[in-house]
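>>> after the sequence you'll find the predicted model.
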Amino acid sequence: MTGKRMKVRISFILCLITTLILLTEGSVLAKKEAEFRLDIDSLNLEEGVSTNLVFSIINANGCKDLAIDGLDNFDVLSTSQSTSTRIINGDTTSQIDVTYVLMPKKEGEFTLQGSINYKGDIRKTNSLKVNVSKRNDDVHNEEVKDIFLKTLISDDEIYFGQKIGLTYELYSRYSIESYGFADQIGFDDFMVNEVANDDLKGNYVYVDGNKYVKYEAKKMYLSPIKTGKVTIPSYKFQANIATSNFFDSSKPVYLGTTEKEITIKPLPEENKPDDFSGLVGDLKIEAEFNKDQLEYGDSLTLNVTASGNCNLEILDKIIKDGVPGFSVYETVKGMDESIENNQYNAKKQFEVILVPEKNGDIKIDPIYISYFDTVSGTYKKAEIPGKTITVTGEVPENNQSNNQSNNGDKTDNKEYATSQKIKINQVSYNMTDQDYVTLKMSKKGLLIAFIILIILILLAVFLIVLRAYAKKQDKELNNLYKRLKNSDNENEIYNILNDMIKHHYNISLKANSKDFIRGSIEEHEVADIVVEIINYMENKKDSANRDNRYLKEKIKEIYNKIK
């Protein structure tokens, strides 16, 4: 038995050795010449659309110094490497594929050719002549694609102070797992307000009979900070398409946005109204009084809705100089911005409460709001029609005397003095001394009078101190400065400065020239710092020397001078 088992073992070992020898000989005999090849998805490319370039290394182990001439004309979005081995009828082929995801930087014709060091020799691949054409955003040219990106601006020629909308839309016939910008988006020549991601929409659309899912990838509102020609650059975008692969649930696709050029024209100085606040665009005003007759002591409401394609952030007040015969209390009820049919639109609602200060028929004059009409290229005035209000009922005597003494002046807070009747006993006048008058009263009455006098003095001192403190403590200005300290975004910091100047001086940095701003700010030191910051914001090309700390320190100087 032992000898038989030994023979079986020897036979098995001999068979195994023979098999290994045959495999080795077959592999040696089947060894092929090394090959190096360059392949691309298409030789006709388009700006803003990615493609795959593959450098294949076949039957050549131990290579190094891989390079591709002409690759500098493309952005390399990602690289990956895979290895495979095939055995067919005893022939073994090994292959290494290095894959580049490329996006053209510009239009033109370019040549790509790879090189690699193999056993001390520099080996070349085949060459590829690639033609890159300019991007065409015409939707009818996109219909042949299963996924594409559109860049939409509401207007490419605007006036300084005008607001425009910018939207990036993703169209896909694939199932999308996720998407986003591969580049950090930033604009040097605009103030930017982004729409929150939760407010972006997606829906099904048909493009020439083909069904797509349209995603609002990003939407924002832009306000220019300078005049001239400015460029919205191209940005890289990545969409992850869902796959049925067990090991990798999605495949990235890279796209690019379209570069856009915008012309920003200055506002004309000729015929510019003195009360022009910076509204630019088409302005519509709807206004309505809720009543034309009321009792004295009651109030009426003027509801105003401003709408159009102008920047309504600048319009912060409807009534600026008061209304004779009324106390005025004005609030902003809300503001909405939107992009409809690729056009920017805004709507802002105001509520003005009017409290009559006298009775009778009180005439309210028309209210005018100046704006620059971009269609006609002229300054115009939107009108809120006037109205005569009838106030019935009697006016209390103390209110009449107050109105007469104040000559119609209005205050938000009314102070009422309370009087107390004091009984003074044992008062007599002794005229025996021609130079003196003697006043006699009881000790109790004197004590009461003294206490009341002390209370009135303390109350007066308290009111004086409170009013002086209130003048020093501008809550809105303090809140803006707190926001400044917590902000790290350059555009947001500049927005806060604009709000500070607008709050304190009632002028907008976005809607007025530097000469106008310098002439409107009485404090020359403050005006110089403001103009210095505007110049800093307009010259953003020297990005290496930019520092938000510089902006914050300059705005801190302004705050300390105006608080």
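The structure has been received and is ready for your questions. Residues are numbered from 1 along each chain as shown.

>>> now stretch 154-166: buried residues?
When neighbours are counted by 16 or more other CB atoms under 10 Å, the buried residues of stretch 154-166 are found to be S154, D155, I158, Y159, F160, G161, Q162, K163, I164, G165, L166. Heads up, the C-betas are built off the backbone N, CA and C, glycines and all.

>>> what does stretch 548-563 give?
Within stretch 548-563, the residues that count as buried by 16+ other CB under 10 Å are L551, K552, K554, I555, I558, Y559, I562.

>>> check stretch 57-74 too.
For stretch 57-74, using 16+ other CB under 10 Å, the buried residues are I57, A60, I68, L71, N73, F74.

>>> pLDDT on it, on average?
Per-region confidence: stretch 57-74 scores 89 on mean pLDDT.

>>> same deal with stretch 458-472?
76.

>>> what helix or strand does the residue found closest to F74 once you drop the neighbours it is linked to in the chain sit in?
Leaving aside its chain neighbours, F74 sits nearest to L102 (4.1 Å; criterion: CB to CB, 6 or more residues apart in numbering). Applying DSSP states H and E as the criterion places L102 in strand 91-104.

>>> number of residues surrounding D488?
Here the number of neighbours of D488 (other CB atoms under 10 Å) works out to 9.

>>> measure it to R549 for me?
Applying CB to CB, to the nearest Å, the value for D488 to R549 is 10 Å.

>>> convert the C-alpha atoms of the host helix or strand of V391 to CSV, please.
Assigned by DSSP H and E, V391 belongs to strand 387-392. This file holds the C-alpha atoms of strand 387-392, laid out as CSV (Å, rounded to 0.1, in the frame of the first residue of the first chain):
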residue,chain,number,x,y,z
LYS,A,387,-55.9,112.4,-2.2
THR,A,388,-58.0,114.6,0.0
ILE,A,389,-58.8,112.9,3.4
THR,A,390,-61.7,114.0,5.5
VAL,A,391,-61.1,113.9,9.3
THR,A,392,-64.2,114.2,11.4
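
>>> neighbouring strands - and their directions - for that strand?
strand 293-295 (parallel), strand 360-364 (antiparallel) (DSSP bridges).

>>> could you list the buried residues of the last one?
Of the residues in strand 360-364, those scored as buried under the neighbour-count criterion (16+ other CB under 10 Å) are I362, I364.

>>> centre of the chain to that strand, how far?
What separates the centre of strand 360-364 from the centre of its chain is 45 Å, taken as CA atoms, centre = their mean, to the nearest Å.

>>> picking that back up, number of nearby residues for the residue nearest to F74?
Counted with other CB under 10 Å, the neighbours of L102 add up to 24.

>>> one more: Y505?
Here the number of neighbours of Y505 (other CB under 10 Å) works out to 18.

>>> rewinding a little: quick one: contacts of the strand holding V391?
289, 291-296, 300, 354, 356, 358-364 (CB atoms under 8 Å, 6 or more residues apart in numbering).

>>> just checking, A306 touches G281?
No: using CB atoms under 8 Å as the test, A306 is too far from G281 to be in contact (11.0 Å).

>>> any idea how far Q113 lies from I122?
Applying CB to CB to Q113 and I122 gives a distance of 12 Å.

>>> these two: who's more crowded?
Set Q113 next to I122 and count neighbours by other CB under 10 Å: Q113 wins out with 16 against 10.

>>> once you drop chain neighbours, what's closest to the more buried one?
Of all residues not flanking Q113 in the chain, S127 sits nearest, at 4.1 Å (CB to CB, 6+ apart).

>>> list the contacts for that neighbour?
L38, T111, L112, Q113 are the contacts of S127 under CB under 8 Å, 6+ apart.

>>> where does pLDDT dip in the stretch 1-150 of the chain?
Residues of the stretch 1-150 of the chain meeting the criterion pLDDT under 70: 1-31, 135-144.

>>> mind listing the helices for it?
Using DSSP state H, counting those that start in this stretch, the helices of the stretch 1-150 of the chain run over 2-30, 139-142.

>>> if we can go back for a sec, dig out what the residue nearest to F74 forms beta bridges with.
Under the criterion used (DSSP bridges), L102 bridges to T51, V76.

>>> one more: the one 10 residues further on?
Beta-bridge pairing for L112 (DSSP bridges): L128.
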